[in-house]
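# below is the sequence, then the predicted model.
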Amino acid sequence: MDNCIFCKIAAGEIPAVRVYEDEDILAFPDIQPQRPVHILVIPKRHIVSLAHVAATDEPILGRMLAVAHRIAADQGSQGGFRVIVNTGEIGGQEVMHLHMHIVGGPDPVGPMLKRRIGE
Ligand code: 5GP
Ligand code: ZN
């Protein structure tokens with residue numbers, strides 16, 4: 001996809017530290033971390049959001065969840081983590097390439113849904 005930031009990161013056209021990568025997915029630190037550990041996991045192929053997935057995307061979606069613990073632990077959040085997938089306007093999605101946030105400690109992440117629009 002032209003002009004998609006995360007497609008450009010996947011293609012290596014915008015720099016990012018690749019903390020996990022396989023043939024279908026890529027993980028890299030969020031540019032504005034909200035917690036000490038804040039990693040984004042994306043499919044390399046452009047998928048707009050969770051509202052745009054097809055049955056053929058199920059293995060990639062499963063892998064994104066399946067590698068989350070390893071990524072969180074590697075990055076210093078051994079005691080757990082939270083995954084968030086903002087979807088569409090109501091979900092507060094800002095980058096229209098499907099991505100999963102992994103946020104973690106060392107301290108507890110805190111109550112759910114703390115971030116407010118405009119914060
Ligand atoms: P959303 O609100 O769409 O779920 O989250 C998008 C996330 O992407 C934000 O947390 C934002 O900081 C992050 N982000 C936006 N542009 C870039 C970028 O160019 N590089 C990286 N690493 N993260 C980005
Ligand atoms: Zn994209």
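Arrived safely, thanks for sending. Ligands and ions are numbered 1, 2, ... in the order given.
# ok, the lengthiest helix in the chain near ligand 1 or not?
When the chain is parsed with DSSP state H, its longest helix is helix 58-66. No - looking at helix 58-66 against ligand 1 by C-beta under 6 Å from any ligand atom, there are no contacts, and the closest approach is 13.8 Å. (Glycine included, C-beta is placed from N, CA and C.)
# which strands or helices does that helix pack on?
strand 25-29, strand 37-43 (3 or more C-beta pairs under 8 Å, 6 or more residues apart in numbering; DSSP states H and E).
# helices of this protein, start to end?
Residue ranges of the helices in the chain, as given by DSSP H, are 5-10, 58-66, 68-74, 88-91.
# just the CA atoms of the longest one, as PDB, please.
These are the backbone C-alpha positions of helix 58-66, laid out as PDB (Å, rounded to 0.1, in the frame of the first residue of the first chain):
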ATOM      1  CA  GLU A  58      -6.500 -16.500  10.600                       C
ATOM      2  CA  PRO A  59      -3.000 -18.200  10.800                       C
ATOM      3  CA  ILE A  60      -1.300 -14.800  10.800                       C
ATOM      4  CA  LEU A  61      -3.700 -13.400  13.500                       C
ATOM      5  CA  GLY A  62      -3.000 -16.500  15.600                       C
ATOM      6  CA  ARG A  63       0.700 -16.200  15.200                       C
ATOM      7  CA  MET A  64       0.500 -12.500  16.300                       C
ATOM      8  CA  LEU A  65      -1.000 -13.600  19.600                       C
ATOM      9  CA  ALA A  66       1.200 -16.700  19.900                       C
END
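# quick check: mean pLDDT of it?
Averaging the model's pLDDT scores along helix 58-66 yields 98.
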